[in-house]
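Student: give me coordinates for this.
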Amino acid sequence: MSIEIRCINNNDIFDASKMMADSCRIVYKKVMSDDYLNSIEDNQYVKFLETGLNKSVIDCFVAENNRMIIGISILRKSNIQQYPDDAEIYAIYLLPDFIGKGIGHELYICSENLIKQQGYKNCSLVVLSQNNGAIEFYKQHDFTKTSHSTKVNLRGQELLCDIMRKHL
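Tutor: Below you'll find the model as predicted:
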């Protein structure tokens, strides 16, 4: 397996969106409603990625295997109310077949290095409280759960999320 981690480019946006949608449909099967998961379209994240990249409000790394995007990390200035001066890891997604192979770690390391270069002292993130695999992944990278939580509403399904934070 030959994995390359690199910055996203405009030609990657649809493929990255499709990979994120595919990942969500599988990884969140036991957490989110079938109605919501079935409504996720391959282009679900295209506008978010295009707008964020064009306005320079997000940074993204993609992981490729044989020219196929299999993972992504998305970073931005924090939108978390309690930590507005932090960097935020908005998402790290991998296709399920590539979870547990060190690719998420490589995406994370690239992300943390960029965050440090940008001068941030802390990094925060929001993670579904039921997503034990992601929580453990972030704990392995020295994030700790804060006393704060938030809820997201996905078409009537309310999901509890933990806020995690790390001093860089």
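
Student: please pull out the lowest mean pLDDT helix or strand from the chain.
Tutor: helix 34-39 (a mean of 90; mean pLDDT, DSSP states H and E).

Student: can you give me the helices in this protein?
Tutor: Ranges of helices in the chain, per DSSP state H, are 13-27, 34-39, 46-54, 103-117, 132-140.

Student: residues of the shortest one that come out buried?
Tutor: When burial is assessed from 16 or more other CB atoms under 10 Å, helix 34-39 yields the following buried residues: Tyr36, Leu37. (Glycine included, C-beta is placed from N, CA and C.)

Student: what packs against that helix?
Tutor: Under the contact criterion of 3 or more CB pairs under 8 Å, 6 or more residues apart in numbering; DSSP states H and E, helix 34-39 touches helix 13-27.

Student: quick one: the helix it packs on to helix 46-54, angle?
Tutor: When axes from the mean of the first three to the mean of the last three CA atoms, to 10 degrees is applied, the directions of helix 13-27 and helix 46-54 differ by 130 degrees.

Student: now helix 13-27 - C-alpha only, PDB.
Tutor: The C-alpha coordinates for helix 13-27 follow below in PDB (Å, rounded to 0.1, in the frame of the first residue of the first chain):
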ATOM      1  CA  ILE A  13     -13.100  18.500  -4.000                       C
ATOM      2  CA  PHE A  14     -15.800  16.100  -5.500                       C
ATOM      3  CA  ASP A  15     -13.700  13.000  -4.700                       C
ATOM      4  CA  ALA A  16     -13.100  14.200  -1.200                       C
ATOM      5  CA  SER A  17     -16.800  14.900  -0.700                       C
ATOM      6  CA  LYS A  18     -17.700  11.500  -1.900                       C
ATOM      7  CA  MET A  19     -15.200   9.800   0.300                       C
ATOM      8  CA  MET A  20     -16.500  11.800   3.300                       C
ATOM      9  CA  ALA A  21     -20.100  10.800   2.400                       C
ATOM     10  CA  ASP A  22     -19.100   7.100   2.000                       C
ATOM     11  CA  SER A  23     -17.300   7.200   5.300                       C
ATOM     12  CA  CYS A  24     -20.300   8.800   7.100                       C
ATOM     13  CA  ARG A  25     -22.800   6.300   5.700                       C
ATOM     14  CA  ILE A  26     -20.700   3.400   7.100                       C
ATOM     15  CA  VAL A  27     -19.000   4.700  10.300                       C
END
